[in-house]
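Peer 1: sequence? don't have it. structure:
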DNA sequence: TGATTGCCTATTGACTTGGTAGGCTGAAGA
DNA sequence: TCTTCAGCCTACCAAGTCAATAGGCAATCA
């Protein structure tokens, strides 16, 4: 498995924010109540989204989170790569990793690279707005 | 990450066997010496491959493993699914799992399903024989 | 009978995952 | 100014997975 609850929770929150008033800051409690996600756990994920600028946050009373762009402007690949760390199917093609010493004579490497491309291109072809079309309100889960 | 060393080791062994005399049984020790893989660890993986009929084994002196089909007849998706258990990118689309109670109102499910298809179709389009074309002898690693 | 080789079960240490706990900081409003 | 709300930060925890190891049994051949 490649995409854990971390990435899926991120997607849920982003979709949830996309369906709400995008001017207002939405407190996390409101989201976790509706989505039945652990608030404390989600706080960590929101930190990642916030630091990367995918959401804007406001401290204190009346604070919370809101999207920083329109839902059409988020590729879900971007959200997932950020929160999962990587979407690479094998460690060999993870950008962060020190390159495998056998890379030059590995006949499987092209296979992994192509698979990596396939996955990322596909997830980059889907936008946050694509996930909120058919569902509204609490009739919605990821 | 979706494909661990377990699946990659399996691929290496299969490719190794494909490059050797396919009539003879090759003892595991010979393979692990050449490929620098832990013999004991590989034994467990071979058990999986053997039980599923992907390789034939012979006990005792002069025993070992050999492919049960031609290298052109193994899809690498088959080898990886078997040894990894599943190639599903998310648990939601794992066949074994009890279906998610929210499946009917999950707008992301079609995305996961399509991604799952993409991955499996791609890996099923590549054959074991494709991995042994350009490399011979010890000039070969996966 | 002894050497070889596959097979089976259990155990280990490192790491990841999902979640919890507690406290600090910053902002709005009474 | 004080309280309350809400984000943020660090640490911790239990369960599970991964890669590997250990030891011994069973089958086969010379």
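Peer 2: Now that the structure is in, tell me what you want to look at. None of the values given here were measured: they were computed from a predicted structure.

Peer 1: contacts only, for the closest residue to residue A:111 other than its chain neighbours.
Peer 2: Closest residue to residue A:111 apart from its sequence neighbours, by CB to CB, 6 or more residues apart in numbering or on different chains: residue B:126 at 5.9 Å. Where you see a C-beta, it was placed from the backbone N, CA and C, and this is true even at glycine. Neighbouring residues of residue B:126 by CB atoms under 8 Å, 6 or more residues apart in numbering or on different chains: A:111, B:75, B:76, B:77.

Peer 1: cool, and residue A:112?
Peer 2: Here residue A:112 is in contact with A:89, A:90, A:92, A:93, B:3 (CB under 8 Å, 6+ apart).

Peer 1: burial count for the fourth one?
Peer 2: Residue A:93 is surrounded by 21 other residues when neighbours are defined as other CB atoms under 10 Å in any protein chain shown.

Peer 1: that one contacts residue A:116, correct?
Peer 2: Yes - the pair residue A:93 and residue A:116 qualifies as a contact (CB atoms under 8 Å) at a distance of 4.7 Å.

Peer 1: picking that back up, wait, which of the contacts of residue B:126 is closest to DNA strand C?
Peer 2: Nearest to DNA strand C among those, counting by CB to the nearest atom of the strand, is residue B:76 at 21.2 Å.

Peer 1: what does chain A have sitting close to DNA strand C?
Peer 2: Proximity of chain A to DNA strand C (CB under 7 Å from any atom of the strand) is limited to residues A:4-6, A:9, A:37-38, A:40-41, A:44, A:58-63.

Peer 1: of those, keep whichever come out buried.
Peer 2: Buried members of those, scored by 16 or more other CB atoms under 10 Å in any protein chain shown, are A:6, A:9, A:37.

Peer 1: and for residue A:35, nearest residue in space, chain neighbours not counted?
Peer 2: residue A:12 (5.6 Å).
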